[in-house]
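Asker: Mind folding the following:
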Amino acid sequence: MAVHKRGRQSFILKNPPIITTWASIAGKKEIEGPLSHTFDVKCRDTYFGQKTWELAEKRMQQLAIEKLSSKAGIPQSEFDLVFSGDLLNQCIGSSFSLRNTGIPHLGLYGACSTMAESLLMASMAVGGGFADRVVAMTSSHFASSERQYRFPLGYGGQRTPTSQWTVTGSGAALVCSEGTGPKITACTIGTVTDFGIKDANNMGAAMAPAAAETIKAHFQDLNTGPNDFDLIVTGDLGQLGKEVLLDLLRRDGISIGGKITDCGTLIFDNTTQDVHAGGSGCGCSAITLCGYLLEQLNSGKIKKLLFCGTGALLSPTSTQQGLPIPGVCHAVSISGGR
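Answerer: Below is the predicted model of the structure:
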């Protein structure tokens with residue numbers, strides 16, 4: 001019997017897993033933004049000391065888990081499991097970073113929803129009694145993502161007003177059965193939605209319907225609502241996608257205007273940094289959560305947070321074939337640590 005399941009797609013954690021430690025690695029543009037003071041490792045070298053952007057992304061994840069281990073005071077050999085993924089083909093940023101570490105690894109691909117997906121999976125593993133210390137981790141890199149999904153930077157293509165800036169960064173969180181810190185109390189697994197958006201430079205509009213469906217499902221399955229949260233944070237809808245989300249929810253009679261924000265609008269200062277519609281990428285929600293948001297929860301400034309990671313499930317091939325972009329969103333309810 002599925003004793004933890006609630007409604008169609010949600011579950012509760014009767015013994016809430018605890019996020020005891022978190023770490024964030026940020027690139028050059030990110031440390032020039034308003035959340036710079038919340039990042040653990042700041043690097044102005046786009047290559048992170050490596051020869052290629054792909055190897056730079058691998059290095060970011062290595063730095064993230066190293067910093068996590070250091071902050072937790074726990075050697076990596078004592079981590080039971082890592083859930084991680086990224087945007088590179090076959091998720092090589094994640095698999096390459098864990099080579100020869102001896103840590104059991106389950107790779108994930110949720111596009112930019114991967115931080116929420118990995119947290120959700122980690123909470124299931126710990127809450128279900130399958131592990132005591134699980135790492136949730138992801139990353140993205142502006143240059144490698146542009147080359148893979150749009151155009152090589154050397155091409156010099158013009159960015160449209162709806163486009164977003166892929167964050168260069170990596171975030172990692174340690175989810176444990178014991179300890180102190182913010183607690184994961186409930187999760188909603190997203191469904192794949194497709195509203196026919198085909199523009200790879202308008203990710204916010206493609207992902208917003210998925211965010212709307214997941215937020216509605218979370219409220220319905222768990223008999224909760226906007227007033228039960230201090231903050232509802234989406235992953236990387238950006239300014240345009242956030243407005244689309246609000247409009248979709250209003251049509252269903254749900255108002256979250258005073259509660260909603262988006263990692264893509266938090267991480268950069270759009271008045272001084274030319275990022276068009278905001279930030280995006282796996283690293284966007286990862287370093288915003290593992291830098292700013294978890295500290296706010298742990299200090300008690302935020303009591304309860306609904307973290308809604310959003311992902312656009314396209315590939316270079318599907319875009320070139322003119323196929324629409326499906327979206328997904330996973331929601332994780334986190335209560336403050338104090």
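Asker: So Gly283 is in contact with Ser145, correct?
Answerer: No. Using CB atoms under 8 Å, Gly283 is not in contact with Ser145; the gap is 9.4 Å. C-betas here are computed from N, CA, C, even on glycine.
Asker: Which strand or helix spans Ala64?
Answerer: Taking DSSP states H and E as the definition, one finds Ala64 inside helix 53-72.
Asker: what helices or strands is that helix leaning on?
Answerer: In terms of contacts (3 or more CB pairs under 8 Å, 6 or more residues apart in numbering; DSSP states H and E), helix 53-72 is packed against strand 18-26, strand 41-42, helix 92-97, strand 133-140, helix 142-149, strand 169-176.
Asker: Export these to JSON lines and append columns for mean neighbour count and distance to Leu63.
Answerer: Below are those laid out as JSON lines (neighbours: other CB atoms under 10 Å; distance: least, CB to CB, whole Å):
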{"stretch": "strand 18-26", "mean neighbour count": "26", "distance to Leu63": "5"}
{"stretch": "strand 41-42", "mean neighbour count": "16", "distance to Leu63": "5"}
{"stretch": "helix 92-97", "mean neighbour count": "22", "distance to Leu63": "9"}
{"stretch": "strand 133-140", "mean neighbour count": "31", "distance to Leu63": "10"}
{"stretch": "helix 142-149", "mean neighbour count": "20", "distance to Leu63": "16"}
{"stretch": "strand 169-176", "mean neighbour count": "31", "distance to Leu63": "7"}
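Asker: need the next SSE after the helix or strand harbouring Val233, C-terminal direction.
Answerer: Per DSSP H and E: Val233 is located in strand 231-234. Using DSSP H and E, the helix or strand that follows strand 231-234 in sequence is helix 238-251.
Asker: Just the mean pLDDT for that following helix, thanks.
Answerer: Predicted confidence along helix 238-251 averages 93 (mean pLDDT).
Asker: low-scoring stretches of this structure, by residue?
Answerer: By pLDDT under 70, the low-scoring segments of the chain are 148, 150-162, 337-338.
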